[in-house]
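Asker: give me a model of this one.
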Amino acid sequence: MSVAVGSFLLFAASQVGTPGPANMALLTTGARYGLRAALPFVAGVVLGKQLIIWPVGFGLMQLSDTAPWLFETLKWVSAAYICWLAWRVANLRLTPGEDTASVPGFWAGLMVHPLNPKAWAMITTGFTAFVTPDTPALQATATIAICLAACQMVLHPIWTWGGEKIAGQLAGTPAEKYLMGTLAALTVASVFFVLFGGGRA
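Answerer: Residues are numbered from 1 along each chain as shown. Got it, this is the predicted structure:
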C-alpha cells in the first residue's frame with residue numbers, strides 16, 4: 001500500500017514545469033500584468049488542479065465506463081475554452097504593471113486546470129502509474145495532491161515571472177505583436193497536441 005513519491009515528484013515536476021495551456025496562461029498573465037498583480041490568478045491555478053485530483057482519486061474515472069460521452073464532451077469544451085484564451089492573448093498588448101483592475105483573478109485561475117485536458121491526462125496517469133492498487137483512496141489522493149501542489153507553488157510563479165521579464169524587454173516594440181501571436185499559437189498547439197498526440201499537463 002503505497003505511492004511512489006520520489007518517482008511521482010520527478011514526473012510531476014517534468015509535467016508542471018513544461019509548456020502547456022496552463023503555463024501559457026501564466027506566462028501571458030505575467031507579461032501583461034506582472035507577477036505581483038497576477039498572484040491571485042496563480043493561486044487559483046494551483047488550487048484548481050485540486051478540483052480534479054480529489055474527484056479522480058475517489059473514483060470519478062469509473063464514470064468513463066458508464067458515461068464515456070461525458071468525458072468526450074469535457075475534452076472538447078476544455079479545448080474550446082483554452083482556444084478562447086488564446087484568442088484573447090493574441091489581441092493583448094503588453095503594459096506591465098498597468099490596467100491591474102482587469103487582471104484575471106483567483107476565480108479565473110481556478111477554472112484553468114479543470115478545463116485543461118492536459119491536467120486530466122496527467123492526474124489520471126499519476127494514479128494509474130505511481131499508486132499500488134491496494135493503497136487507500138485517501139492516502140493516495142492526499143499524496144498526489146500534496147506533491148502536485150508543491151510543484152505548482154514553485155514552478156507556476158516562475159512561469160508568471162518569466163512573462164513579466166519578457167514584457168519588460170518587448171513592451172512597446174515592434175516585436176510585441178509577434179510575441180503575443182506566438183504565445184497564442186503555442187497555446188492552441190499545446191491543446192491540439194494533447195487532444196491528438198498526448199503530452200504533459
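
Asker: give me the mean pLDDT for stretch 104-118.
Answerer: Mean per-residue pLDDT for stretch 104-118: 86.

Asker: for this protein, which helix is longest?
Answerer: For the chain, the helix with the greatest residue count under DSSP state H is helix 137-170.

Asker: now that helix, how far from the centre of its chain.
Answerer: Averaging C-alpha positions (C-alpha atoms, centre = their mean, to the nearest Å) puts helix 137-170 9 Å from its chain's average.

Asker: for the residue nearest the centre of the chain, list the residues it contacts.
Answerer: Nearest to the geometric centre of the chain sits Ala22, at 2.9 Å (C-alpha atoms, centre = their mean). Shown in contact with Ala22 (C-beta atoms under 8 Å, 6 or more residues apart in numbering): Val45, Val112, His113, Asn116, Lys118, Ala119, His156, Ala201. To be clear about C-beta, it is placed using only N, CA and C from the backbone, and glycine gets the same treatment.

Asker: which among the residues you listed gets closest to Ser7?
Answerer: Ala201 (16.4 Å; C-beta to C-beta).

Asker: packing partners of the helix or strand hosting Ala108?
Answerer: Per DSSP states H and E: Ala108 is located in helix 106-110. On a contact count with 3 or more C-beta pairs under 8 Å, 6 or more residues apart in numbering; DSSP states H and E, helix 106-110 meets helix 35-57.

Asker: before we move on, back to that, any buried residues in the helix holding Ala108, and which?
Answerer: Ala108, Gly109, Leu110 (16 or more other C-beta atoms under 10 Å).

Asker: and if you look at stretch 171-181?
Answerer: Ala171, Glu176, Leu179, Met180.

Asker: out of these, which are inside strands?
Answerer: Among those, DSSP state E puts none in strands.

Asker: what is the rounded mean pLDDT of the longest helix of the chain?
Answerer: pLDDT averaged over helix 137-170 gives 91.

Asker: chain neighbours aside, what residue packs nearest to Asn116?
Answerer: Nearest residue to Asn116, sequence neighbours excluded (C-beta to C-beta, 6 or more residues apart in numbering): Pro21, at 5.1 Å.

Asker: per-residue confidence for that neighbour?
Answerer: 78.

Asker: I'd like the buried residues of helix 106-110 as TSV, with distance to Val77 appended.
Answerer: Output for these, formatted as TSV (distance: C-beta to C-beta, whole Å):
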residue	distance to Val77
Ala108	16
Gly109	18
Leu110	16
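
Asker: count the neighbours of the residue nearest to Asn116 for me.
Answerer: 30 (other C-beta atoms under 10 Å).

Asker: cool, Ser102 as well?
Answerer: 10.

Asker: any idea how far it lies from Phe41?
Answerer: Going from Ser102 to Phe41 by C-beta to C-beta, to the nearest Å gives 12 Å.

Asker: ditto for Ser7
Answerer: In terms of C-beta to C-beta, Ser7 sits 31 Å off from Phe41.

Asker: now do the contacts for the nearest residue to Ile52 once chain neighbours are set aside.
Answerer: Computed as C-beta to C-beta, 6+ apart, the closest residue to Ile52 that is not its neighbour in sequence is Ile123, at 5.3 Å. For Ile123, the contact set (C-beta under 8 Å, 6+ apart) comprises Lys49, Ile52, Ile53, Val56, Ile144, Leu148, Ala201.
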